[in-house]
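Student: below are the sequence and a predicted model; questions follow.
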Amino acid sequence: MRLTTMTAAKGHINVGGTVLADSNDTFIKSLVKMWSARAEKYLNRVTVSGATTQDFDVEPRQQVFTLSRYPVTTVSAVYNDGTRAWSSVTAISSAYYHTDTQNGLLRMDGYPLDWGPATLRVVYTGGMAPSTASFIVDFPEIATAVDMQVAYHYARKGSLGAAGIETPGGGVSWDGALTWLKASKGLLDEHRRWTLGG
């Protein structure tokens, strides 16, 4: 899902009174798509909300499972089945687990799980927003971070292999790699799912 719109991104590029011609729209759209995907990867979570099914490997004595879409709206069913047939007999009663809806964690209440690869299945609905429009309303800081990256990328489109450029106001230098701006990264960090090792 795109985390901002072409119009919003162009608004950041137009700072200073420069109006971009419509001929740039295709390129701007591609940048919005690319940086939205990179933002989702950096956030370490699925941005679009909806119903999904997620299977988990279960380690011995494991009781906590990380759902990729959150906040979680509802958990429809949880199964633990070493044969992966997922029949109603292998469904776990909701009395044996608790969902941390805001952080996307499913916690078993001491339930003795059969362990092994892909032996736990969770059917649930969750995610950050169902559409780009609602995402911008609910997470304006993330949308702004993507806008800034698009503007930054656009400014460098003619000198991607250079270490810097000279402008009427003075020189601008960079490390050569198209990576996250410090300001953009700071905005994303507010909603990033952190894991051990970063």
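Tutor: Yep, it's here. Numbering: from 1, shown residues only.

Student: would you mind measuring from Arg121 to Gln149?
Tutor: Here the criterion is Cβ to Cβ, to the nearest Å. By it, Arg121 lies 36 Å from Gln149. C-beta here means a position set from N, CA and C on the backbone, and glycine is covered the same way.

Student: ugh, wrong one, I meant Thr195
Tutor: From Thr195 to Gln149 the distance is 23 Å (Cβ to Cβ).

Student: more neighbours: the two, which one.
Tutor: Remark: of Thr195 and Gln149, Gln149 carries more neighbours, 28 against 8, as counted by other Cβ atoms under 10 Å.

Student: find the residue closest to the more buried one in space, skipping its chain neighbours.
Tutor: Ranked by Cβ to Cβ, 6 or more residues apart in numbering and with sequence neighbours excluded, the top spatial neighbour of Gln149 is Trp35, at 4.4 Å.

Student: quick check: which element contains that neighbour?
Tutor: helix 25-43 (DSSP states H and E).

Student: tell me which residues in that helix are buried?
Tutor: Ile28, Leu31, Val32, Met34, Trp35, Ser36, Arg38, Ala39, Glu40, Tyr42, Leu43 (16 or more other Cβ atoms under 10 Å).

Student: and for that helix, what are the contacting residues?
Tutor: 1-6, 9-10, 13, 20, 46-47, 142, 145-146, 149-150, 153-154, 157, 180, 185, 188, 191-193 (Cβ atoms under 8 Å, 6 or more residues apart in numbering).

Student: quick one, which of those residues are buried?
Tutor: For those, buried by 16+ other Cβ under 10 Å: 1-6, 9-10, 13, 46-47, 142, 145-146, 149-150, 153-154, 180, 188, 191.

Student: go through those and flag which are in strands.
Tutor: Within the buried ones among the contacts of helix 25-43, no residue falls in strands by DSSP state E.

Student: could I get the longest strand seen in the chain in CSV with only the CA atoms?
Tutor: Ordering each strand of the chain by length in residues (DSSP E) puts strand 116-126 first. Written as CSV, here are the backbone C-alpha positions of strand 116-126 (Å, rounded to 0.1, in the frame of the first residue of the first chain):
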residue,chain,number,x,y,z
GLY,A,116,7.2,-28.1,15.5
PRO,A,117,7.4,-26.2,12.2
ALA,A,118,4.1,-24.3,11.2
THR,A,119,2.0,-26.0,13.9
LEU,A,120,0.2,-22.9,15.1
ARG,A,121,-2.3,-21.0,12.9
VAL,A,122,-3.9,-17.7,13.9
VAL,A,123,-6.8,-16.3,11.9
TYR,A,124,-7.3,-12.6,12.6
THR,A,125,-7.9,-9.1,11.4
GLY,A,126,-5.5,-6.3,12.0
